[in-house]
Each structure stands twice: as structure tokens, then as C-alpha cells.
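>>> quick one: sequence plus predicted model below, questions after.
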Amino acid sequence: MEKPVIAAKQPAVLSLEPGTYYWCRCGRSKSQPFCDGSHKVTSFTPMEFTTTEKKTVALCQCKQTKNPPFCDGTHKTL
């Protein structure tokens, strides 16, 4: 099974406006933590998620979280 690239060993803490977003699962995107289409040479697909209100989130960039797309602290063990 193909493994994702670790894009960073810390979360991306962002303030998001209401809307639909596409979180990069492969780790290859140059627009981390969001998808830029780099997954097309892999078996990965981006993860769609929606927020209905403006909020601050910590999005995983190590791609090892058990709660995608959100950081669960797994990067601390890498």
C-alpha cells in the first residue's frame, strides 16, 4: 500500500471561511494542506470537507492523523 509523503511535522493552523475545501491526502501538494492535483500520479484522492461557519482549525500535514483532515498530534511521534 502506498504511503503519503509527510509534508510537515506540524499542523497548519488556519482561519477558514464557510465553504468546501479539499485536504491533500498524498502529501505532494505545493498548496499544503490543500490539494493542488499532485495526487494524480498516486493512488490517493483529496478529502472533501465543509465548514458552515468561520472557525480556526488545525489541519494535519503529516498525513498520519486518525481524524482527517484534522491534526490529532500524531506528528509528535514521527
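Sure thing, it's come through. Numbers count the residues shown, from 1 in each chain.
>>> end-to-end on stretch 1-11?
24 Å (C-alpha to C-alpha, to the nearest Å).
>>> buried ones in that stretch?
P4, A7, P11 (16 or more other C-beta atoms under 10 Å). C-beta: built from backbone N, CA, C; applies to glycine.
>>> with stretch 33-48 instead?
Result for stretch 33-48 [16+ other C-beta under 10 Å]: buried residues P33, F34, C35, S38, H39, F44, P46.
>>> from those, which is closest to Y21?
F34 (6.3 Å; C-beta to C-beta).
>>> partner residues bridging that closest one?
Following DSSP bridges, F34 is listed with bridge partners W23.
>>> and P46, how far is that from Q32?
12 Å (C-beta to C-beta, to the nearest Å).
>>> between those two, what contacts are shared?
Residues touching both P46 and Q32 by C-beta atoms under 8 Å, 6 or more residues apart in numbering: C24.
>>> quick one on the thing from earlier: and which of the buried residues of stretch 33-48 is nearest to C60?
Nearest member of the buried residues of stretch 33-48 to C60, counting by C-beta to C-beta, is P33, at 6.9 Å.
>>> my read: the closest one touches A7, true?
Yes. Contact criterion C-beta atoms under 8 Å: P33 and A7 qualify, at 7.2 Å.
>>> any residues in contact with both of these two?
C24, Q61.
>>> what's the burial count for Q32?
Counted by other C-beta atoms under 10 Å, the residues lying close to Q32 total 17.
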